[in-house]
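> Sequence first, predicted coordinates after that:
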Amino acid sequence: MKTAYIALGTNIEPREEYLTSALEILRKDNKIHINQQSSIYETAPVGYADQADFLNMVIELETFLSAFDLLELCQTIERQLGRKKLIRFGPRTIDLDILVYNQENRKTDVLTIPHPRMHERAFVLIPLHEIAPGLLLYKGGKTVSDCIKALSESDIKDVTRWTNKGLAEE
Ligand SMILES: Nc1ncnc2c1ncn2[C@@H]1O[C@H](COP(=O)(O)OP(=O)(O)OP(=O)(O)O)[C@@H](O)[C@H]1O
Ligand SMILES: Nc1nc2c(c(=O)[nH]1)N=C(CO)CN2
């Protein structure tokens, strides 16, 4: 069994339903077991400003799937929930990014782990800190807590807790 962390994001209504549906699909998959989920956070858009605020959350799961099969599953869920790739960093019904997979390092055309932009994204680090503050993001390197210390106050201010844990939790 491998332990992986996935970030979920959505900024097209009904945002909460998209999160709930993605979690439901993951829970029904017998190759996945969700160990932990963060609260949901409402976050200002990063990278492409002219779009609605996001809901973001992070989950920790155990799985028999390889990193590539897990990516394939994430992309199948995105397609099932109507995600269309129109603008880079733009609006989406649901986005599932693999943050960390079994402390492995990989850089291929289709998959880079750890996720190359996670260490600078408050919308990822703050939910992740809630469930795994000591998680190493780089081999021998920084933890989630270390990366949060490097964020600016304005990055942190753009992320506010939207619900406590409990969304569709079993
Ligand atoms: N760790 C990863 N998790 C998910 N997708 C990844 C990862 N590494 C590379 N990719 C690749 O990134 C491609 C683009 O993904 P996507 O369209 O979701 O990007 P994005 O969400 O707009 O931007 P970002 O990757 O910065 O979050 C995917 O087709 C996938 O092959
Ligand atoms: N707040 C926020 N901003 C984003 C997000 C996201 O999930 N949340 N995802 C992006 C593309 O991955 C680009 N910008």
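Received it, and whenever you're ready, just let me know what you need. Numbering: from 1, shown residues only. Ligands and ions are numbered 1, 2, ... in the order given.
> Quick one: distance of the helix or strand of the chain with the lowest mean pLDDT to the chain centre.
Within the chain, no helix or strand scores below strand 159-163, which has a mean of 90 by mean pLDDT, DSSP states H and E. Chain-centre distance of strand 159-163: 15 Å, with Cα atoms, centre = their mean, to the nearest Å.
> likewise stretch 73-89?
Centre to centre, stretch against its chain (Cα atoms, centre = their mean), the figure for stretch 73-89 is 14 Å.
> Let me know whether it sits next to ligand 2.
Yes - using Cβ under 6 Å from any ligand atom, stretch 73-89 reaches ligand 2 at Phe89. The way it works is simple: take the backbone N, C-alpha and C, and place the C-beta from them, glycine included.
> contacts for that stretch?
Residues outside stretch 73-89 that contact it (Cβ atoms under 8 Å, 6 or more residues apart in numbering): 6, 18, 21-22, 25-26, 29, 32, 45-48, 65, 92-98.
> Pull out the buried members of these.
The neighbour count (16 or more other Cβ atoms under 10 Å) marks 6, 18, 21-22, 25-26, 32, 45-46, 65, 92-98 as buried among the contacts of stretch 73-89.
> Show me those residues that map onto helices.
Counted as lying in helices by DSSP state H, out of these, are 18, 21-22, 25-26.
> anything in stretch 43-60 sitting right up against ligand 1?
No - residues of stretch 43-60 are not located near ligand 1 by Cβ under 6 Å from any ligand atom, the shortest gap being 7.1 Å.
> got the end-to-end distance for that stretch?
End-to-end distance for stretch 43-60, by Cα to Cα, to the nearest Å: 20 Å.
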